[in-house]
Structures are given as C-alpha cells and as structure tokens.
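Trainee: A structural model of the following input is requested.
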Amino acid sequence: MKLIEEEVDAVYLNWNELSKIYHLDLSLHPYLVKYRDVFMVGCLTGLRFSDYSNIQFDEVKNDMLHIVQKKTLLTVIIPLREDAKKILIDK
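Mentor: Just a heads-up that it's a prediction; the model follows:
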C-alpha cells in the first residue's frame, strides 16, 4: 500500500483576528452586523454553514446549542462560548 501525501496550506483565523472581526465598528454599515454575527457563530461553533446559518432561538437551551445537522440528521449539543451566547441570545 502506497501512502500519498500532499502539502497543503492551512487557512484559518486566529483568536486575535476573530476578535478584530467581532469588535469591528460597523456603525456606518449596520446591514453587515447580521452577516458578521452569523460568520462569528460559525467560527465559534465549528458547524457547517447549512447548520449555523439557520439557528433558531429555541435551539439555545441552558447555554448549549441543540441542533439537528442537515447533512447527517444527527442531533448535536454544543456548549456555547460566551461570545457565541451573546450573539445568539442578545440578538
């Protein structure tokens, strides 16, 4: 059996970059706040776009996100970071 390896560039945002996005002043473009928040929830939960883009308020229970994944139809329970809770609960 031959193992094939491929060098890849890992593309990701570090905590400093995520913090800059989260705290970005969008007062001149308020319509972008919703998109920034949806993006941040995706980064903070690790969910697929199809799952995090349609989160409902009733899926947040006891600081946890209870969601049925669209791809697998499996229920997952995700502990929410403080920033994610603020986005999901305060908005």
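Trainee: Can you pull the poorly scored residue ranges out of the chain?
Mentor: Scanning the chain for pLDDT under 70 picks out 91.
Trainee: Tell me where it has helices.
Mentor: Under the criterion DSSP state H, the chain contains helices at 15-22, 33-45, 49-52, 82-90.
Trainee: TSV for those helices, including distance to His66 and mean neighbour count?
Mentor: Quick note: C-beta positions are derived from backbone N, CA and C, even for glycine. Shown next, in TSV, are the helices of the chain (distance: least, CB to CB, whole Å; neighbours: other CB atoms under 10 Å):
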stretch	distance to His66	mean neighbour count
helix 15-22	24	11
helix 33-45	12	17
helix 49-52	12	16
helix 82-90	12	15
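Trainee: Figure out which of those is closest to Asp63.
Mentor: helix 82-90 (6.1 Å; CB to CB).
Trainee: on that earlier part again, who wins for proximity to Leu74 among the helices of the chain?
Mentor: Judging the helices of the chain by CB to CB, what sits closest to Leu74 is helix 49-52, at 10.6 Å.
Trainee: Quick one: residues in contact with the closest one.
Mentor: Contacts of helix 49-52 with the rest of the structure, by CB atoms under 8 Å, 6 or more residues apart in numbering, involve 38, 41-42, 45, 67, 69-71.
Trainee: re the thing from before, can you tell which of the helices of the chain is closest to Lys2?
Mentor: helix 49-52 (34.8 Å).
Trainee: chain center to that closest one: distance?
Mentor: 8 Å (CA atoms, centre = their mean, to the nearest Å).
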